[in-house]
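Peer 1: Sharing a model that was predicted from the sequence below.
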Amino acid sequence: MIYRSTRNREETAEASQAILRGLAENGGLFVPDEIPALDVSLEDLAKMDYREVAYSVMKLMLTDFTEEELKYCINSAYDSKFDVPDIVPVVKHHDAHYIELFHGKTIAFKDMALSILPYLLTTSAKKNNIKNDIVILTATSGDTGKAALAGFADVPGTRIAVFYPKNGVSPVQEKQMVTEKGKNTFVAGITGNFDDAQTGVKNIFQDKELAAYLDEKGFQFSSANSINIGRLVPQIVYYVYSYTRLVKDGVITAGDKVNVVVPTGNFGNILAAYYASLMGLPVNKFICASNDNKVLYDFFKTGVYDKNREFILTSSPSMDILISSNLERLIYHIAGDDSAKNAALMKSLNETGRYDITDDMKAKLDKFYGGYATEDEVADQIRLVYNEDGYIMDTHTAVASRVYDKYKEETGDNTVTLIASTASPYKFTRSVLTAIDPAYDEKGDFELVDELEKLSGVKVPNAVEEIRSAEILHKTVCDKEDMEKVVRGFLGV
């Protein structure tokens, strides 16, 4: 399997090299040259556990890993760190099947990929005789940061620096990050939004002089963001797994099509579903659910991507994004894998904040449906589903749930549907509980945790319990212009 840059087809890498580099030259992203078909039947996959499905999928995408290497990575990642034996439960509520992706160490879907990425990365370093320390550089809108910190904490041969928008994450998300104890970790809030943090990280990656200087000092950068193919490939697994659970439970027959609804910010999670379909998963529609920052909704409606708009802080902060980095991979594919055409569009985005795709490209998006939910609709949906059967969902999942209801009203499509449930409600206790009853707003953050346990009957996750009284260890706040300086300080160079 060869991976190519979305901005220069001639720049290629094997899987382990693409994982190590994170980002291609000139800001391009690595994409597989071709998407291999699943070589195990859906019926047989339905008999496998999560680890076995993971191997069946990932061996096709990470072909320079030996069976022993890949199984070591998978078995090390998907173990007792997850609080349920099946890793990813699929539960039915409100006429849809919710893929609960939040049973890992930091109670968000990012754990699904960031539990395995450190193993993929250190194995890749060994395979490629890398002697430098790998410096993971990551921007987060809330969940990637803690999941990456938890994955890389005290992993030999690695350091990790995480930047987050100081006033753009939930109190639980922030406390999870700033209390991280790993000796090789660094966290900084920036006075800006997520797009500023993401742009700052990309700029540092593309600074060739800095890379050469760090190489002299024994360091090299890699990324834990979903721009890294090592993040994207493990995400394909849970779509295949959850589909085959529906087969196993007799909800569908192997080969039946399903809809997939994903609350979407950076476009990585829904892109993984798209890749799963290219591998042979039968998908009818990809329903891309946005919050009030509905840049993707507008794109799917018009074929124009335009980030020139107000940036809105919402109750679903992990989706408060106006530059959806992973959309570039989809653009490259619908441009006929034409890296020159894609590079021109990304140049336009960089210079003018927008680009228009051709009618021919737009026609290739016929399986995608864009929808969005307002803040009021998100709160209404949390209350509605809770009142129906006592199931409490987080704000991001509620965006997807409401968009799915709108989709059904608009289309009358009753295809069996999987909804990606991307975070535990314990990450967003205030938004969730005040949606159910505004009176909760008078209570403190950790009082709300106990109230949520009473209301939901779901035990407080360890991820929240351990930060109640944890000491704040990371206090750096910097301007977006100072991110490189701060990274140099962390590395002592």
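Peer 2: Yes, it's here.
Peer 1: OK, contacts around residue 386?
Peer 2: Contact analysis of residue 386 by CB atoms under 8 Å, 6 or more residues apart in numbering lists 392, 436, 455. Backbone N, C-alpha and C define where each C-beta goes, glycine included.
Peer 1: Name the nearest residue to residue 202, sequence neighbours excluded.
Peer 2: residue 27 (6.0 Å; CB to CB, 6 or more residues apart in numbering).
Peer 1: on that earlier part again, for the contacts of residue 386, pick the one with the most neighbours.
Peer 2: Greatest neighbour count in the contacts of residue 386, by other CB atoms under 10 Å, goes to residue 392: 23 neighbours.
Peer 1: Was I right to think it contacts residue 454?
Peer 2: No - Residue 392 is beyond contact range of residue 454, at 11.2 Å (criterion: CB atoms under 8 Å).
Peer 1: on that earlier part again, and the residue nearest to residue 202, what pLDDT?
Peer 2: As predicted, residue 27 sits at a pLDDT of 90.
Peer 1: again, but for residue 427
Peer 2: So residue 427 comes in at 94 (pLDDT).
Peer 1: helix, strand or coil for residue 35?
Peer 2: Here residue 35 is recorded as coil under DSSP: H, G, I helix; E, B strand; the rest coil.
Peer 1: in stretch 389-401, what counts as buried?
Peer 2: The neighbour-count check on stretch 389-401 (16 or more other CB atoms under 10 Å) flags 391-401 as buried.
Peer 1: The residues you listed in helices, which ones?
Peer 2: When DSSP state H defines the helices, the subset of those inside them is 395-401.
Peer 1: Low-confidence stretches in the chain?
Peer 2: Of all residues in the chain, none has pLDDT under 70.
Peer 1: same thing but 90
Peer 2: 25-26, 141-143, 167, 205-206, 223-227, 445, 468-469 (pLDDT under 90).
Peer 1: Kindly list the longest helix within it.
Peer 2: Longest helix in the chain by number of residues, with DSSP H as the criterion: helix 229-248.
Peer 1: following the one helix or strand residue 340 maps to, which helix or strand shows up next?
Peer 2: Element membership of residue 340, judged by DSSP states H and E, is helix 339-352. Using DSSP H and E, the helix or strand that follows helix 339-352 in sequence is strand 354-356.
Peer 1: Show me what that following strand is packed against.
Peer 2: strand 304-306, helix 339-352 (3 or more CB pairs under 8 Å, 6 or more residues apart in numbering; DSSP states H and E).
Peer 1: what would these look like in a markdown table with distance to residue 76?
Peer 2: A markdown table is the format used below for the helices and strands packed on strand 354-356 (distance: least, CB to CB, whole Å):
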| stretch | distance to residue 76 |
| --- | --- |
| strand 304-306 | 38 |
| helix 339-352 | 35 |
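Peer 1: surely residue 320 meets residue 294?
Peer 2: No - applying CB under 8 Å, one finds residue 320 not in contact with residue 294, separated by 11.3 Å.
Peer 1: For residue 417, which non-adjacent residue is closest in space?
Peer 2: residue 259 (4.2 Å).
Peer 1: Tell me where the stretch 1-150 of the chain has strands.
Peer 2: Secondary structure of the stretch 1-150 of the chain (DSSP state E, counting those that start in this stretch): strands at 3-5, 8-13, 30-32, 90-93, 96-100, 133-139.
Peer 1: Residue 370 is nearest to which of those strands?
Peer 2: Among those, strand 96-100 comes nearest to residue 370, with 18.0 Å by CB to CB.
Peer 1: Could you tell me which strands that closest one is paired with, and in which direction each runs?
Peer 2: Strand 96-100 has the following strand partners under DSSP bridges: strand 90-93 (antiparallel), strand 417-421 (parallel).
Peer 1: For the stretch 351-493 of the chain, which segments count as strands?
Peer 2: With DSSP E, counting those that start in this stretch as the criterion, the stretch 351-493 of the chain has strands spanning 354-356, 368-372, 417-421, 476-478.
Peer 1: Identify the residues contacting residue 267.
Peer 2: Per CB under 8 Å, 6+ apart, neighbours of residue 267: 288, 296, 324-327, 330.
Peer 1: Most neighbours out of those, which is it?
Peer 2: Of the contacts of residue 267, with other CB under 10 Å as the count, residue 288 tops at 28 neighbours.
Peer 1: helices or strands next to the helix or strand it falls within in the packing?
Peer 2: Assigned by DSSP H and E, residue 288 falls within strand 283-290. If you count contacts as 3+ CB pairs under 8 Å, 6+ apart, strand 283-290 packs onto strand 258-263, helix 268-278, helix 295-302, strand 368-372, helix 395-411.
Peer 1: next one: the first one to chain centre, how far?
Peer 2: Using CA atoms, centre = their mean, to the nearest Å, the mean C-alpha position of strand 258-263 is found 15 Å from that of the whole chain.
Peer 1: Tell me what angle that strand forms with strand 283-290.
Peer 2: 10 degrees (axes from the mean of the first three to the mean of the last three CA atoms, to 10 degrees).
Peer 1: With the last one instead?
Peer 2: Here helix 395-411 points in a direction 120 degrees away from that of strand 283-290 (the same axes, to 10 degrees).
Peer 1: just the second one next, same as before
Peer 2: Regarding helix 268-278 and strand 283-290, their directions subtend 170 degrees when assessed with the same axes, to 10 degrees.
Peer 1: okay, now the residue nearest to residue 202: neighbour count?
Peer 2: Residue 27 has 20 nearby residues by other CB under 10 Å.
Peer 1: ditto for the one 5 residues further on
Peer 2: When counting by other CB under 10 Å, one arrives at 22 neighbours for residue 32.
Peer 1: Quick check: which element contains the residue nearest to residue 474 when sequence neighbours are not counted?
Peer 2: Nearest non-adjacent residue to residue 474, counting by CB to CB, 6+ apart: residue 187, 3.7 Å away. In this assignment (DSSP H and E), residue 187 forms part of strand 185-190.
Peer 1: Dump the ones in helices among the buried residues of stretch 389-401 to JSON lines, plus distance to residue 338.
Peer 2: What follows is these, written out as JSON lines (distance: CB to CB, whole Å):
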{"residue": "395", "distance to residue 338": "38"}
{"residue": "396", "distance to residue 338": "33"}
{"residue": "397", "distance to residue 338": "36"}
{"residue": "398", "distance to residue 338": "38"}
{"residue": "399", "distance to residue 338": "33"}
{"residue": "400", "distance to residue 338": "32"}
{"residue": "401", "distance to residue 338": "37"}
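Peer 1: Tell me who's in contact with the residue nearest to residue 417.
Peer 2: Contacts here follow CB under 8 Å, 6+ apart; on that basis residue 259 touches 283-287, 404, 407, 413, 415-418.
Peer 1: Likewise for residue 483?
Peer 2: By CB under 8 Å, 6+ apart, residue 483 lies in contact with 163, 188, 190, 197, 200-201, 204.
Peer 1: at 10 Å instead, please
Peer 2: By CB atoms under 10 Å, 6 or more residues apart in numbering, the residues touching residue 483 are 137, 139, 161, 163, 188, 190, 192, 196-197, 199-201, 203-204.
Peer 1: which of those tops the neighbour count?
Peer 2: residue 163 (29 neighbours).
Peer 1: That one should be in a strand, yeah?
Peer 2: Yes - assignment of residue 163 by three-state DSSP places it within a strand.
Peer 1: With residue 202 as the reference, measure out to it.
Peer 2: Distance, residue 163 to residue 202, using CB to CB, to the nearest Å: 11 Å.
Peer 1: before we move on, what about residue 323?
Peer 2: Distance check for residue 323 against residue 202: by CB to CB, it reads 9 Å.
Peer 1: what element comes up after the strand holding residue 187 heading to the C-terminus?
Peer 2: Taking DSSP H and E, what comes next after strand 185-190 is helix 194-205.
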